[in-house]
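Chemist: I'll drop the sequence and a predicted model, then ask my questions.
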Amino acid sequence: MPRPTPTVVRRLEKAARQAAKASYSPYSKFRVGAAILTGSGKVYTGTNVENASYGLCNCAERTAIFTAVAAGERTVRAVAVYTPTRAATSPCGACRQVINEFGPEALVISVCDGKNRIETTLDRLLPAAFGPRNLKG
Ligand code: THU
């Protein structure tokens, strides 16, 4: 699948920043937003949703992916994540594994409140990943 154009990447970054505004993060007070580009060309957004039972907190990236999958999407081409930090941060390990399920070669873009940004790919963030193919024996 072709790499998303710079215009699409900018659109994803903007959507991720906007998505963070809806964050439900009363415990960490860390408002994260994510936007994903799917195989159909649509953009889905998500934010982190926390819970009084802390272990049930859901990251912004997974919220976006689960929303897309619930709408019938099965391929993730790119993920943009915004964190309210001075330096850009990459998705957590659990999110990397979930991205791998639908986009093992997805472009992963991280933006923040500073100028710093990270642009990499999922296979670099999660080398030798365990995925759907491994279940086929
Ligand atoms: N969080 C995300 O939503 N995405 C990340 O990539 C890192 C962490 C959330 C989980 C939790 O609600 C808060 O940020 C603090 O860890």
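Modeler: The structure has been received and is ready for your questions.
Chemist: residues in this structure within reach of the ligand, list them.
Modeler: 25, 28, 30, 32, 48, 50, 57, 59-61, 81, 91-92, 95 (CB under 6 Å from any ligand atom). Glycine gets a C-beta too; all of them are placed from N, C-alpha and C.
Chemist: of those, which is the nearest to residue 133?
Modeler: residue 95 (20.0 Å; CB to CB).
Chemist: so the closest one lies in a strand, does it not?
Modeler: No - looking at residue 95 with DSSP: H, G, I helix; E, B strand; the rest coil, it is helix, so not inside a strand.
Chemist: excluding chain neighbours, what is closest to it?
Modeler: residue 61 (4.1 Å; CB to CB, 6 or more residues apart in numbering).
Chemist: tell me if I am right that that neighbour is in a helix.
Modeler: Yes - counting by three-state DSSP, residue 61 falls inside a helix.
Chemist: run a quick neighbour tally on it.
Modeler: 29 (other CB atoms under 10 Å).
Chemist: who touches stretch 62-70?
Modeler: 19, 34-36, 38, 42, 44-49, 76, 79, 94-95, 98-99, 102 (CB atoms under 8 Å, 6 or more residues apart in numbering).
Chemist: filter the residues of the chain next to the ligand down to the ones in strands?
Modeler: residue 81 (DSSP state E).
Chemist: any of the residues of the chain next to the ligand buried? List them.
Modeler: Neighbour counting with 16 or more other CB atoms under 10 Å marks 25, 32, 48, 50, 57, 59-61, 81, 91, 95 as buried within the residues of the chain next to the ligand.
Chemist: the helices in this protein, which residues?
Modeler: Secondary structure of the chain (DSSP state H): helices at 6-19, 60-70, 93-102, 122-125.
Chemist: so which elements touch the last one?
Modeler: In other words, helix 122-125. Other helices and strands packing on helix 122-125, by 3 or more CB pairs under 8 Å, 6 or more residues apart in numbering; DSSP states H and E, are helix 93-102.
Chemist: give the buried residues for the helix it packs on.
Modeler: Quick answer for helix 93-102 (16+ other CB under 10 Å): 95-100, 102.
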